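Chemist: Need coordinates for the below:
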Amino acid sequence: MTEEPYRWVEAIANRREYIETQLASGSPIAAVSFRDGILFVTRGRARQKLFEIYDRIAMGGIGHPGDIERLRMAAIELASTEGFTRSAADVSLRRLAFYSLSPVLKAAFEQVYGAPYLARMLFAEIGDTPANDLFLRIEFDGAIATNGGLLGDARREFGVVSGTAASTELMETFLAREHNPAATLQQAFTTASNAWIVGSMALSESGTRELPDAEAMAAYRGEHAASNQVEAALLERGSQTAIRYRTLAEHETRSLSAS
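Modeler: I've put the predicted structure just below:
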């Protein structure tokens, strides 16, 4: 009996290592506040990674497509139920994450005889100004990282998710230096796209651990632009409708990439 807790701890450690390995190749996602909204940018070859959740809330996910879809549907159902029983204004990303999604992920991760969720998710909720935008990253074990603003932490108007902690940290370092919340859509797209490059370079075989220079980033963009299609979505700040989410069409991303 005394060995059981130790076996559980060992099982959890093995489980974490397995999930981290499965997620390690996940293509990064960068989300940045800008003057007119929040922009999500990623690159991939086949499947969709950016989704609308509710009027003011969007999500990006990396990991197993089936698990991302299950979590997306759970988030939509929870938000819709909250909006129906209360009001659309009462639907809160913090409530959705802390009181619903995080406990579900934590329970699945700690039940060692069941299947965990192979997914990391990045959520954003748009505010009246970039300073009021909220970004939340939810890990496969239910852990939540926010964009700060509490307990003395400096607030950051961006959020990222990637396959490894090192890649995520490097993207955050880049955005802390380069991101401007007063940027135009074109400027925000360029910054978010460059953050994707930084994160992807950290995931590559060379495993970059320092911020690359502009020349190295340009070379990487040239090598991988053709094989990875841009996916981008907006939460529009000045929209006159309740729904703020809009997917950028291919001709829009092509125009932004060329500028």
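Chemist: Quick one: distance of stretch 129-137 to the chain centre.
Modeler: 12 Å (CA atoms, centre = their mean, to the nearest Å).
Chemist: So, low pLDDT: which residues of the stretch 101-250 of the chain?
Modeler: 149-153 (pLDDT under 70).
Chemist: which stretches of it form helices?
Modeler: For the stretch 101-250 of the chain, the helices defined by DSSP state H, counting those that start in this stretch occupy 102-110, 165-178, 185-203, 214-224, 250-258.
Chemist: can you list the ones you listed in JSON lines and add distance to residue 46?
Modeler: Bear in mind the C-beta positions are built from the backbone N, C-alpha and C, glycine included. Below are the helices of the stretch 101-250 of the chain laid out as JSON lines (distance: least, CB to CB, whole Å):
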{"stretch": "helix 102-110", "distance to residue 46": "25"}
{"stretch": "helix 165-178", "distance to residue 46": "21"}
{"stretch": "helix 185-203", "distance to residue 46": "16"}
{"stretch": "helix 214-224", "distance to residue 46": "15"}
{"stretch": "helix 250-258", "distance to residue 46": "15"}
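Chemist: To residue 25, which of those helices lies closest?
Modeler: helix 185-203 (6.7 Å; CB to CB).
Chemist: CA atoms only for the closest one - export them in PDB, please.
Modeler: Backbone C-alpha positions of helix 185-203 (Å, rounded to 0.1, in the frame of the first residue of the first chain) are rendered in PDB as follows:
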ATOM      1  CA  LEU A 185      -3.200  45.100 -39.000                       C
ATOM      2  CA  GLN A 186      -0.300  45.000 -41.400                       C
ATOM      3  CA  GLN A 187       2.200  45.600 -38.600                       C
ATOM      4  CA  ALA A 188       0.500  43.100 -36.300                       C
ATOM      5  CA  PHE A 189       0.600  40.400 -39.000                       C
ATOM      6  CA  THR A 190       4.300  41.000 -39.700                       C
ATOM      7  CA  THR A 191       5.100  40.700 -35.900                       C
ATOM      8  CA  ALA A 192       2.900  37.700 -35.400                       C
ATOM      9  CA  SER A 193       4.400  36.000 -38.500                       C
ATOM     10  CA  ASN A 194       7.900  36.600 -37.200                       C
ATOM     11  CA  ALA A 195       7.000  35.200 -33.800                       C
ATOM     12  CA  TRP A 196       5.900  32.000 -35.600                       C
ATOM     13  CA  ILE A 197       9.300  31.900 -37.300                       C
ATOM     14  CA  VAL A 198      11.100  32.300 -34.000                       C
ATOM     15  CA  GLY A 199       9.000  29.500 -32.400                       C
ATOM     16  CA  SER A 200       9.400  27.200 -35.400                       C
ATOM     17  CA  MET A 201      13.200  27.700 -35.500                       C
ATOM     18  CA  ALA A 202      13.300  26.700 -31.800                       C
ATOM     19  CA  LEU A 203      11.400  23.500 -32.800                       C
END
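Chemist: and it, what does it pack onto?
Modeler: strand 29-34, strand 37-44, strand 158-161, helix 165-178, helix 214-224, strand 229-236, helix 250-258 (3 or more CB pairs under 8 Å, 6 or more residues apart in numbering; DSSP states H and E).
Chemist: any chance of the ones you listed in TSV, plus distance to residue 205 and mean neighbour count?
Modeler: Listed next are the helices and strands packed on helix 185-203 as TSV, based on distance: least, CB to CB, whole Å; neighbours: other CB atoms under 10 Å:
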stretch	distance to residue 205	mean neighbour count
strand 29-34	21	30
strand 37-44	18	25
strand 158-161	21	29
helix 165-178	13	18
helix 214-224	12	13
strand 229-236	22	21
helix 250-258	25	13
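Chemist: Using CSV, lay out those together with distance to residue 109.
Modeler: CSV is the format used below for the helices and strands packed on helix 185-203 (distance: least, CB to CB, whole Å):
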stretch, distance to residue 109
strand 29-34, 21
strand 37-44, 24
strand 158-161, 17
helix 165-178, 16
helix 214-224, 32
strand 229-236, 28
helix 250-258, 35
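Chemist: what's the closest of those to residue 58?
Modeler: Judged by CB to CB, the one of the helices and strands packed on helix 185-203 that comes nearest to residue 58 is strand 229-236, at 5.4 Å.
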